[in-house]
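S.K.: Sequence plus the predicted model coming up.
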Amino acid sequence: MDQQARLLSSQLVHKRRQVEVALTCGVLAWREIERSARRSCGFLNNGPKTASSHAVQVGEIVAVLKTKNADEDYAETGRSPKKAKHHSPLYPFAFTVSYIRRRRQHQWRCRDVTFHSANEGLCDQWIQVINEQLSLLTDRPKSLLVYINPCAGKQRGKRIYERKVAPLFSRACISADVIVTERVNHARDHLNTEANLDKYDGIVCVGGDGMFSEILHGLVTRIQTDNGVDQNQQDVKLLPCGLRIGIIPAGSTDCICFATVGTNDPVTSALHVIVDSQPMDVCSVHHDDVFLRYSVSLLGYGFYGDVLTDSQKKRYLGPARYDLSGVKTFLSHNYYEGTISFLLAENNIGDPRDKLQCRSGCHVCQHKPSSKDVQWEMSQETSDKDGRVGWSVIRGKFIAINAASMSCACPRSPKGLSPSAHLADGTTDLILVRKCSRLDFLRHLVRHTNKEDQFDHSFVEVHRVRRFCFQPQRHEVVSLEDPIESPKKTGFRPVCSAQTTCDYGTSCSSWNCDGEILPRAAIQVSVHCQLIRLFARGIEQQPPCLLEDQCTLAALEPSRRRSVD
Ligand SMILES: Nc1ncnc2c1ncn2[C@@H]1O[C@H](COP(=O)(O)OP(=O)(O)OP(=O)(O)O)[C@@H](O)[C@H]1O
């Protein structure tokens, strides 16, 4: 296997121990020489087989640097070098490899390993060969535009960036232009009009889901405007964005980060910016021929729309407002009447209830629908406008209508609204919760937090769709107490409660679109497959176990190519 052939191998010193170090195209591996020798003679048989072997994928090396020796460090900084104990006069030269190390719960950290040698030329050669391999990773960003929301979450955005993120970018030789936002929509407007996008490989936001949404709207709109694409046309094919988007979580709601990385941790996200990118679907939302917004996670009408509407009046309570509004909305137990029509994703290989979770390298997302399939579906849609061929239509009374374009997992609901929704398969999972008793709805909600199937209720159905439309039964807001007068007082407040015997018909709720309220209840939604790319890799199923991988161990087998001692 030529791919596993060694590019370089040497005996070096690590933490005062002799190690054998080998580099192949895919892996940097090192192993303590003494111990392995002893193991081969029968010693340490009871210990862990791989106790002193280590391996790092080349794709997860952040940087390699020449390490200053103790005297140089002292001469330059005047500091007593901490690591002097590792500098032996016998091995005065060294280089340090920074790489990604996995911790629990999907967290990543940047670890350093320093190798020493008596031979300066050998250290230089290692640095050169590793750098050559890193330069082949052409996807890695070199230049970023960073927007920091200083007001997000606990207002720690700037500090998080300066202390935790900027040092990693600089170690990975990534240059960053930083803009601290001064107002709502500053980032969106800057991207839309001023930003020189040609200069950058990606846009990074430091903040919560609101900041991500600003970047998404700024970037997608800019690309369409620059290319003469009219976003107001529902059927228009949007142009994908070449620039990738990164999220450094610093908000009070960081759901998109959690769903794409598996944790809300700024260091982990910064490392993903350095090494990863993956595609992501975007839904466009229209009201007739007016573009309203883009969505990547949740479009929720009824329950989740009402929770958001209510919580916005309680901003002064901070994140606790979501709990309070959730309880209040649950107790109100409102339902809404309307018609939902949708175009099933017939050619998708997954199903919302197949328990196949979207994980890094997801094969469902990699199975993109062919343009033939999409054209077939478009032709079905054309028929629909005249005769509703190919579209399903459901009219009913709903407590909630949710479209989940990702699992919508968050620390509180680790499974999310639709545990098997996919980030990049060109579909959204449409969940219809019909009018039911309060107790049944509670059972349904509780199942989001345990192992039971939240779709396994007679009043819940879920469909994987490419497009859907919703038309509320009534446009006016009607109050339970006084169907005509109260709207002015209550605004968008819902009215009919399932526990009441009245049947005035229901008024409108509003749509929660990734945490923003849409101004219209009647909407048309289309999923744009893989419209953007994120600096993420999706949640890892389980850390790749490199040490037990035969290919990795092969890197340490006797050399077949360049060996320098
Ligand atoms: N300098 C600023 N001052 C005030 N608001 C800002 C500023 N910069 C950005 N914003 C706005 O703050 C909103 C919330 O930001 P973000 O999502 O980053 O934080 P958050 O704490 O998660 O917020 P929330 O949970 O309230 O959505 C965004 O919609 C953004 O438009």
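M.R.: It's in.
S.K.: Tell me how many other residues crowd residue 254.
M.R.: 27 (other C-beta atoms under 10 Å). Heads up, the C-betas are built off the backbone N, CA and C, glycines and all.
S.K.: Residue 209 is in contact with that one, correct?
M.R.: Yes - between residue 254 and residue 209 there is a contact under C-beta atoms under 8 Å: 6.6 Å.
S.K.: Could you check how far the residue of the stretch 251-400 of the chain found nearest the ligand is from residue 208?
M.R.: Going by C-beta to the nearest ligand atom, the ligand is nearest to residue 251 of the stretch 251-400 of the chain, at 2.5 Å. Using C-beta to C-beta, to the nearest Å, residue 251 is found at 2 Å from residue 208.
S.K.: shared neighbours of these two, anything?
M.R.: Common neighbours of residue 251 and residue 208, counting by C-beta atoms under 8 Å, 6 or more residues apart in numbering, are 149, 152-153.
S.K.: Same list, those, but only the ones touching the ligand.
M.R.: When contact is defined as C-beta under 6 Å from any ligand atom, the shared contacts of residue 251 and residue 208 meet the ligand at 149, 152-153.
S.K.: all strands of the stretch 251-400 of the chain, in order?
M.R.: 278-287, 290-295, 298-302, 336-344, 391-404 (DSSP state E, counting those that start in this stretch).
S.K.: With the stretch 101-250 of the chain instead?
M.R.: 108-117, 143-148, 175-180, 202-207, 244-249.
S.K.: For residue 65, which of those is the nearest?
M.R.: strand 108-117 (9.0 Å; C-beta to C-beta).
S.K.: so of the strands of the stretch 251-400 of the chain, which one's packed in deepest?
M.R.: Sort the strands of the stretch 251-400 of the chain by mean neighbour count, taking mean count of other C-beta atoms under 10 Å, and strand 298-302 sits at the top with a mean of 27.
S.K.: In terms of secondary structure, what does it contact?
M.R.: strand 391-404, strand 511-513 (3 or more C-beta pairs under 8 Å, 6 or more residues apart in numbering; DSSP states H and E).
S.K.: Report the strands that pair with it, each with its relative direction.
M.R.: strand 391-404 (antiparallel), strand 511-513 (antiparallel) (DSSP bridges).
S.K.: Now render the strands of the stretch 101-250 of the chain as a markdown table, adding distance to the ligand and mean neighbour count.
M.R.: Below are those laid out as a markdown table (distance: least, C-beta to the nearest ligand atom, whole Å; neighbours: other C-beta atoms under 10 Å):
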| stretch | distance to the ligand | mean neighbour count |
| --- | --- | --- |
| strand 108-117 | 22 | 19 |
| strand 143-148 | 8 | 22 |
| strand 175-180 | 7 | 14 |
| strand 202-207 | 3 | 28 |
| strand 244-249 | 9 | 27 |
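S.K.: can those strands go into TSV with extra columns for distance to residue 426 and mean pLDDT?
M.R.: Converted to TSV, these look like this (distance: least, C-beta to C-beta, whole Å; pLDDT from 0 to 100):
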stretch	distance to residue 426	mean pLDDT
strand 108-117	29	96
strand 143-148	28	98
strand 175-180	32	98
strand 202-207	23	98
strand 244-249	18	97
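S.K.: Could I get these in CSV, plus columns for distance to residue 322?
M.R.: Formatted as CSV, the strands of the stretch 101-250 of the chain follow (distance: least, C-beta to C-beta, whole Å):
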stretch, distance to residue 322
strand 108-117, 28
strand 143-148, 24
strand 175-180, 27
strand 202-207, 17
strand 244-249, 17
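S.K.: Tell me the residues on the protein that lie near the ligand, please.
M.R.: 149-153, 181-186, 207-211, 214, 251-253, 515.
S.K.: Stretch 230-240: which residues count as buried?
M.R.: Residues of stretch 230-240 classed as buried by neighbour count (16 or more other C-beta atoms under 10 Å): 231, 234, 238.
S.K.: domain assignment for this protein?
M.R.: 2-137+543-555, 142-276, 283-363+379-528 (automatic domain parsing).
S.K.: which secondary element of the protein has the worst mean pLDDT?
M.R.: Ranking every helix and strand in the chain by mean pLDDT, DSSP states H and E puts helix 487-490 at the bottom, with a mean of 34.
S.K.: residues in contact with the residue in the stretch 101-250 of the chain that the ligand sits nearest to?
M.R.: Closest residue of the stretch 101-250 of the chain to the ligand, C-beta to the nearest ligand atom: residue 208 (2.1 Å). Contacts for residue 208 were tallied using C-beta under 8 Å, 6+ apart; they are 149, 152-153, 249-254.
S.K.: what about burial for those residues, which qualify?
M.R.: 149, 152-153, 249-251, 253-254.
S.K.: Tell me which of these has the lowest pLDDT.
M.R.: Of all those, residue 253 has the smallest pLDDT value, namely 78.
S.K.: so it touches residue 209, yeah?
M.R.: Yes - Residue 253 is within contact range of residue 209, at 4.9 Å (criterion: C-beta under 8 Å).
S.K.: out of the buried residues of stretch 230-240, which one sits closest to residue 338?
M.R.: Nearest to residue 338 among the buried residues of stretch 230-240, with distances taken as C-beta to C-beta, is residue 234, at 18.8 Å.
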